[in-house]
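Chemist: give me a model of this one.
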Amino acid sequence: MIINSLTINYGGQEKSFHFSDKNTIIHSGENSRGKTTLLRLLLYSLGYNIPGTRRFKFANVSVKSNVVTDNGELYVLDRTSSDYLTICTGTTQQTYCLPEQIHDLHSLLFGTNNRDVLNNLLGVFYLDQEKGWTLLNRGIVIGSNRFNVEDLIQGLSGRDCSELKQIEQSLVKEMGKFQQIANVVKYKESMAESAGLLVTEKYANELDAEIAYKEIEINEIKKEINRIDKVLQSNKYLKRFIEDMNLIVQTPNGESIHVTSNNLIGLNDSIDYLIAKRKIKAAEYRNASRVLETLLHERSDRDEPELFSVESIADVFDQMVKQFPYGYARIETIINNLKDQISSTRTLISEATRVGNDVVSSLYNTIVKYAEELELGNNSSITRGYLFTSNLKELSGAILHKFVFVFRLAYISEVKKRLGITLPIILDSPSGKELDQDNKELMIRILNRDFSDHQIIIASIFDYNLESPSRIELDTMLME
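Modeler: Sure, this is the predicted structure:
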């Protein structure tokens with residue numbers, strides 16, 4: 001994929017930036033001029049959930065990017081809200097609700113519908129200045145976006161571990177519940193000496209729990225309705241804007257057509273989808289509210305007025321804890337059993353990912369090749385299991401920096417080899433504090449030699465010997 005341009009509209013001001021299909025350096029003589037913000041807005045325009053920077057809140061920005069996919073399709077991506085994005089190609093327009101339809105959008109842009117791959121692509125081609133240069137094979141890429149090398153390998157090799165992952169998630173969730181129960185039981189046992197001080201209350205424990213769960217459910221429904229209303233309001237303004245513009249387009253046969261919100265492809269469909277979704281949520285809200293009202297009436301009939309005082313709430317909690325029938329030893333046994341099950345499940349996932357997998361072998365060979373060139377080691381000092389290592393304490397700043405770079409090159413190469421996707425390479429501040437000039441030149445030499453068919457975008461206060469780069473100079477702030 002090639003990113004041709006990015007247009008930013010912020011506070012009534014608009015600015016466009018154009019990128020070479022080969023090499024681009026985003027440069028400023030000083031830090032804090034907006035280089036990182038520009039890269040993040042670039043990713044934000046592709047539909048990713050990207051946090052703003054200290055001075056630049058993405059909630060107040062509109063971005064439009066122009067990209068060309070590997071199959072030659074030209075797309076214009078227009079994002080005016082964090083909740084949705086509109087993509088246009090030719091006369092076709094489609095709106096994607098975010099994050100619900102993020103996989104559909106990225107499947108179109110990157111040419112694969114494999115979710116394990118799509119979930120991890122950002123961590124393959126983008127290195128953020130804050131966390132990116134310490135992210136080796138798993139962790140946070142930026143914001144809520146995460147990377148996991150095992151998931152990527154599963155996607156590239158076509159090994160489906162979804163059932164095992166669901167089992168693992170279920171066990172982890174169950175263990176979390178019992179860990180909370182363990183805290184309560186510890187509290188119960190600490191009250192043993194003063195058990196006679198507890199006051200017995202006429203309180204329906206099960207009913208109280210039902211009310212609490214129903215209130216949580218209603219709050220979640222209300223949040224979703226509010227989110228949908230915001231998107232609908234934005235679409236409403238868009239429809240009014242289109243009508244007020246009085247635009248006229250000409251078809252290839254010379255016919256003039258007045259542009260309205262009704263003949264703009266995709267707009268009404270997305271609005272209808274949101275309206276239908278809101279109706280469903282509104283019905284859920286009404287039903288849940290009726291149930292809650294019934295439960296509250298039932299509790300009101302049972303309880304004495306003093307039970308609603310602040311003092312009695314603590315007494316009620318103590319009474320509920322006192323009635324819990326299990327001791328800490330039994331709960332601890334259950335937790336340990338769950339830990340064993342989680343460990344066994346993760347072992348099965350690991351074996352299903354690694355054993356007899358030529359993707360693992362290919363990644364390892366690429367890592368060793370570039371590690372030798374950057375003087376990090378060879379196949380004697382770097383074992384195959386190092387691809388999955390979680391021990392980063394032994395790596396100093398410069399060595400870790402170079403290893404991260406090597407691992408990324410291996411990921412990018414493997415994605416291209418297995419799926420035919422030529423990813424852009426986006427690097428924010430690649431010059432580490434302990435990285436000397438010789439190592440910088442070695443890294444750039446590898447990019448020039450082996451990744452010349454990839455679009456490379458680097459943001460830095462330093463210059464790099466990329467072949468024939470275009471330059472974006474940020475002498476002042478990104479947006480004045």
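
Chemist: so K402 makes contact with N439?
Modeler: Yes - K402 lies in contact with N439 (Cβ atoms under 8 Å); the separation is 6.4 Å. No exception for glycine: its C-beta is placed from N, CA and C like everyone else's.

Chemist: need the overlap of contacts for those two.
Modeler: Residues touching both K402 and N439 (Cβ atoms under 8 Å, 6 or more residues apart in numbering) are L374.

Chemist: the more surrounded of those two?
Modeler: K402 (23 against 19; other Cβ atoms under 10 Å).

Chemist: per-residue pLDDT, that one?
Modeler: According to the prediction, K402 has pLDDT 93.

Chemist: equivalent analysis for E217, please.
Modeler: So E217 comes in at 86 (pLDDT).

Chemist: surely it and V291 touch.
Modeler: No - between E217 and V291 there is no contact, the gap being 9.1 Å when judged by Cβ under 8 Å.

Chemist: L435 is in what secondary structure piece?
Modeler: Using DSSP states H and E, L435 sits in no helix or strand.

Chemist: give me the number of residues near it?
Modeler: Counted with other Cβ under 10 Å, L435 comes out at 18.

Chemist: and if you look at the one 5 residues further on?
Modeler: Using other Cβ under 10 Å, the number of residues around K440 comes to 17.

Chemist: quick one, what contacts it?
Modeler: Per Cβ under 8 Å, 6+ apart, neighbours of K440: 430-431, 462, 464.

Chemist: buried ones among these?
Modeler: Neighbour-count burial within the contacts of K440 applies to 430-431, 464; the criterion is 16 or more other Cβ atoms under 10 Å.

Chemist: okay, who's weakest in the residues you listed by pLDDT?
Modeler: Lowest in pLDDT among those is S431, which has 82.

Chemist: for it, which non-adjacent residue is closest in space?
Modeler: Of all residues not flanking S431 in the chain, F462 sits nearest, at 5.2 Å (Cβ to Cβ, 6 or more residues apart in numbering).

Chemist: can you give me the distance of that neighbour to E473?
Modeler: F462 is 14 Å from E473, where distance means Cβ to Cβ, to the nearest Å.

Chemist: hmm, E168 is touching R346, no?
Modeler: Yes - between E168 and R346 there is a contact under Cβ under 8 Å: 6.3 Å.

Chemist: between the two, which one's more packed in?
Modeler: E168 (19 against 16).

Chemist: residue contacts, the more buried one?
Modeler: 342, 345-346, 349.

Chemist: tell me, how many residues neighbour G34?
Modeler: 21.

Chemist: separation between the residue positioned nearest the centre of the chain and L41?
Modeler: The chain has N145 as the residue nearest its centroid, 2.9 Å off, counting by Cα atoms, centre = their mean. From N145 over to L41 the distance is 15 Å, taken as Cβ to Cβ.

Chemist: wasn't I211 part of a strand?
Modeler: No - under DSSP: H, G, I helix; E, B strand; the rest coil, I211 sits outside any strand and is assigned helix.

Chemist: how much space separates it from K177?
Modeler: 19 Å.

Chemist: looking at these two, which is more packed in?
Modeler: It is I211, of I211 and K177, that has more neighbours when counted by other Cβ under 10 Å, with 17 against 12.

Chemist: in this structure the more buried one contacts T294, no?
Modeler: No - at 10.1 Å, I211 does not count as touching T294 under the criterion of Cβ under 8 Å.

Chemist: that older thread, the residue nearest to the centre of the chain bridge partners, please.
Modeler: N145 has these beta-bridge partners by DSSP bridges: I142.

Chemist: quick one, grab the pLDDT at it.
Modeler: On the pLDDT scale, N145 is placed at 95.

Chemist: residues in contact with it?
Modeler: 48-50, 122-123.

Chemist: would you turn those residues into CSV with distance to N113 and secondary structure?
Modeler: Output for the contacts of N145, formatted as CSV (distance: Cβ to Cβ, whole Å; DSSP: H, G, I helix; E, B strand; the rest coil):
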residue, distance to N113, secondary structure
Y48, 18, coil
N49, 20, coil
I50, 23, coil
L122, 17, helix
G123, 19, helix
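
Chemist: so which of the residues you listed is the most crowded?
Modeler: In terms of neighbours by other Cβ under 10 Å, these top out with G123 at 27 neighbours.

Chemist: tell me the phi and psi of the closest residue to that one other than its chain neighbours?
Modeler: Once flanking residues are discounted, G123 sits nearest to F147: 2.8 Å by Cβ to Cβ, 6+ apart. Phi and psi for F147, reported as degrees, to the nearest 10, are phi -130, psi 140.

Chemist: residue contacts, F147?
Modeler: F147 makes contact with 120, 122-124, 135, 137-141, according to Cβ under 8 Å, 6+ apart.

Chemist: same thing but 7 Å
Modeler: Going by Cβ atoms under 7 Å, 6 or more residues apart in numbering, F147 touches 120, 123, 135, 138-139, 141.

Chemist: re the thing from before, just the contacts of E168: which are in helices?
Modeler: Among the contacts of E168, the residues falling in helices (DSSP state H) are 342, 345-346, 349.

Chemist: still on that earlier bit, how close does the residue nearest to S431 sit to Y126?
Modeler: In terms of Cβ to Cβ, F462 sits 19 Å off from Y126.

Chemist: quickly list the domain ranges of this protein.
Modeler: Domains of the chain are assigned by automatic domain parsing as 2-146+418-473, 161-203+304-354, 213-302.

Chemist: which of the contacts of E168 sit farthest apart?
Modeler: Checked with Cβ to Cβ, the contacts of E168 reach their widest spread between I342 and I349, with 10.6 Å between them.

Chemist: what ranges do the helices span in this structure?
Modeler: For the chain, helices defined by DSSP H occupy the ranges 35-45, 102-110, 115-118, 121-125, 149-157, 162-190, 205-245, 267-302, 310-322, 328-354, 358-373, 397-419, 437-450.

Chemist: worst average pLDDT in the ones you listed?
Modeler: The stretch with the lowest mean pLDDT among these is helix 310-322, at a mean of 68.

Chemist: one step back: make JSON lines out of the domains of the chain and add distance to Y386.
Modeler: Below are the domains of the chain laid out as JSON lines (distance: least, Cβ to Cβ, whole Å):
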{"stretch": "domain 2-146+418-473", "distance to Y386": "9"}
{"stretch": "domain 161-203+304-354", "distance to Y386": "12"}
{"stretch": "domain 213-302", "distance to Y386": "43"}
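
Chemist: show me the contacts for Y326.
Modeler: Applying Cβ under 7 Å, 6+ apart to Y326 gives the contacts V185.

Chemist: ok, it to D208 distance?
Modeler: Using Cβ to Cβ, Y326 is found at 20 Å from D208.
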